[in-house]
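1. With the sequence up front, the predicted model follows.
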Amino acid sequence: MTQNRPAADSSIRPAISVDPATGRKVFNTRAAKASAKITGKGYSVNADGHLKELPPPPPGAVFNAQEQARYREFSEARRGAADYMAMDGEFEHYLQDVYSAPPIERAALDDECEVLVIGAGFAGLLLWHKLQAAGFADVRFCEKGGDVGGTWYWNRYPGIACDVESYSYLPLLEEMEYIPSMKFASGFEILEYCQAMAAKFGFYDRCLFHTTVEATVWDEQTGRWTVRTDRGDAMRARYVILANGILTSPKLARIHGMAAFEGESFHTSRWDYNVDLEGKRVGIIGTGATAVQVIPEIAKVVGELYVFQRTPSSIDVRDQRATDPAEVAEWAKAPGWARARRKRFARISSGRTAIKANDDYLAGRVDDFKERKEHTRKLPPEELVQRQLNTNFRIMEQIRARVDAIVEDGATAQALKPYYPYGCKRPTFHDEYLPTFNLDHVHLVDTAPMGVQEINERGVVHDGVEYPLDVLIYATGFQWMATSTFNMVTGRAGVTLSEKWQRHGTRTFLGLHSRGFPNLFIVSGPQGGGGSFNFTDAIDTHGDYIVWMLTEMRDKAWNVVDVTEEAEAGYAEHCRLADIATAPLRDCLSYYNGHGEAEPGSLAYYGGGNWHKWRLAAQESLDPYLFEFTPERTAQLAG
């Protein structure tokens, strides 16, 4: 799937025009691609069968006291090592958009719309599709990138692919009449799919690209948000929706001397395709989900590759495959096949089962994804958690055995073995990553437990050894559920969203509302549930909820909605208790728990299907909501 935009498109139409039929503004701010060099692929199909199966678990593998102590030692040795910093000052160049041509020149906007959405990734695209279908036409979007895609716009590194099967992950497949080419689609294919969705549904006319929101301030008198941007805009909107994602703000590890490095350097979320890696001495810092995809690809072209690892990832089987033409023919005969498949996917409660994505179950050829065990008694939550820990331990034993079966050097193999509960850190999947360390020119530099401490003008220095480099790549990840937008949203009483949460702890209702910030909706943010191991579930569910709320307000002629203090406090406490109950499954230091520093319930939601119970009860009773008229509207009604 390729979307070729006419080179002269921006010169044919002005950046901002007015539709004579509706009187609404139409935008033409999509930027051209910066370079034809920006291209690539994701996971390839690997025919080597022994790389596609985990070794059997060792007999009697149990997560006993001795193994638990080993896990704690592994984790505690790394406490305090996660020291990250924002990309500003001398490091702000790492945030530059290297994928698009310069922004389209346009006038600043000082006008009004009904709904303003921040973000043009999956969430933004899905919201537009749902809002449009519900009759909300006065909608616009702000996106800091030069095109749609969100995560898939910013992340274009070699080897990028989704970790969830694409037949369940990509939204609106039936509406688009599209079937992904691979089970785990390349990020480049996903980006093109996003572009195709935007073109088909008229999204490009609604979006201001290369536009970063800098402040969003509530006006009590008018019941409007004023949204100010880096392009000089001061737009007013009745509703604001934050749909800018949970892993979009990249972070850098704080390392002494990093500004002194004289070679080329960049973050994986701003991959510089103008830097030729062929034959070069290349270092990469980080071995998380991104690096696991990058390393096998760049190892094919570099001269020497040094992988600086603090904590190993769990490298599970991927077993990539191309889409079978027989499947295409089968699905074409079944209207709603993708929605049904995603619904079955959402029933899976085990992360590894979900990610492995059994085709027979997801296609509906069998009724369940596993053989169900019958228990003679109802198991208490503590016992259920312990059983899951035992299962996770056996999986991790298999993953560690896979390292021994593939990696030839004993010391390297030992360093690549992770010791933490399965799923405590983001699981990774690849069939070429481990074999890469058998190549003579690929070197694992084990920097455990505290990571790289020094960089000089020539390269990385660790344990007194200097590793001279031509190129240094930072695969140091993203801020988790901590987008800068929260610092810039000012609600009632002049308090920002970040200030409120810092003073009182993270408090939301359903993760979508926060008291004191009326008419504001947060998609897939802290405490936001309703999803599964497939992120698309959450944004689909959140989108449906937002459209329900806006429709309810339109039908009842309300123009302001907030939530009660009791509802917010009750839900926040529920999130805290749900987090505590499942905390043993995440007993390690990762971005999921703020590297061990986040308060229970302050980040992701771990309450399973209970989120839907809270949502349904709220929608049926409307008790958690405070519906109001603005003073302006009240005066109109009185008159």
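-> Looks like it arrived, so ask away.
2. Tell me, how many residues neighbour Asn28?
-> 19 (other Cβ atoms under 10 Å). Placement of C-beta: from N, CA and C, glycine included.
3. any idea how far stretch 129-139 is from the chain center?
-> How far stretch 129-139 lies from its chain's middle: 25 Å, per Cα atoms, centre = their mean, to the nearest Å.
4. just stretch 588-606 next, same as before
-> Relative to its chain's centre, stretch 588-606 lies at 16 Å (Cα atoms, centre = their mean).
5. What lies in contact with stretch 571-590?
-> Defining contact as Cβ atoms under 8 Å, 6 or more residues apart in numbering, one finds that stretch 571-590 is touched by 71-72, 74-75, 78-79, 81-82, 381, 385-386, 388-389, 392, 420-421, 423-426, 505-510, 527, 592-593, 595-596, 599-601, 605-608, 610, 614.
6. For PyMOL, what selects the buried ones among the residues you listed?
-> Restricted to buried positions by 16 or more other Cβ atoms under 10 Å, the PyMOL selection for those reads:
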select buried, resi 71+74+75+78+81+82+385+388+389+392+420+421+423+424+425+426+506+507+508+509+510+527+592+593+595+596+600+601+605+606+607+614
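7. Okay, and which of the contacts of stretch 571-590 map to helices?
-> Tyr71, Arg72, Phe74, Ser75, Pro381, Val385, Gln386, Gln388, Leu389, Asn392, Asn610, Trp614 (DSSP state H).
8. Identify the farthest-apart pair in those.
-> Phe74 and Trp614 (36.1 Å; Cβ to Cβ).
9. ok, which stretches of the stretch 401-550 of the chain are helices?
-> Counting by DSSP state H, counting those that start in this stretch, one finds helices in the stretch 401-550 of the chain at the ranges 410-415, 433-436, 485-488, 497-504, 535-556.
10. The lengthiest strand in the chain pairs with which strands, and in what direction?
-> As assigned by DSSP state E, the longest strand anywhere in the chain is strand 234-242. Here strand 234-242 has these sheet partners by DSSP bridges: strand 112-118 (parallel), strand 224-229 (antiparallel), strand 520-522 (parallel).
11. out of those strands, deepest packed?
-> Mean neighbour count (mean count of other Cβ atoms under 10 Å) peaks for strand 520-522 among these, with a mean of 25.
12. quick one: Glu105 and Ala15 touch, right?
-> Yes - using Cβ atoms under 8 Å, Glu105 is in contact with Ala15, at 6.5 Å.
13. what's the span of stretch 427-440, first residue to last?
-> Using Cα to Cα, to the nearest Å, one end of stretch 427-440 lies 27 Å from the other.
14. again, but for stretch 206-218
-> 23 Å.
15. dump the residue contacts of Gly288.
-> Ser313, Lys425, Arg426, Thr428, Ala475, Gly477.
16. quick one: it from Gln309, how far?
-> From Gly288 across to Gln309, the span is 10 Å (Cβ to Cβ, to the nearest Å).
17. what do those two both touch?
-> With Cβ under 8 Å, 6+ apart applied, the contact sets of Gly288 and Gln309 do not overlap.
18. quick one on the thing from earlier: pLDDT-wise, what's the bottom of the ones in helices among the contacts of stretch 571-590?
-> Minimum pLDDT for the ones in helices among the contacts of stretch 571-590 is recorded at Pro381 (77).
19. Stretch 603-622: how far from the chain's middle?
-> 21 Å.
20. Report the buried residues of it.
-> Under the neighbour-count criterion of 16+ other Cβ under 10 Å, stretch 603-622 has Leu603, Ala604, Tyr605, Tyr606, Gly607, Trp611, Trp614, Arg615, Ala618 buried.
21. isn't there a strand covering the last one?
-> Yep, that's Ala618 we're talking about. No - under DSSP: H, G, I helix; E, B strand; the rest coil, Ala618 falls outside any strand and is assigned helix.
22. Just the pLDDT for it.
-> 98.
23. so what's it up against?
-> Residues near Ala618 by Cβ under 8 Å, 6+ apart: Phe509, Leu510, Ala567, Pro624, Tyr625.
24. again, only using 10 Å
-> Phe509, Leu510, His513, Tyr545, Met549, Val563, Ala567, Tyr571, Pro624, Tyr625 (Cβ atoms under 10 Å, 6 or more residues apart in numbering).
25. if I look at Lys200, how far off is Gly609?
-> The value you get for Lys200 to Gly609, if Cβ to Cβ is used, is 33 Å.
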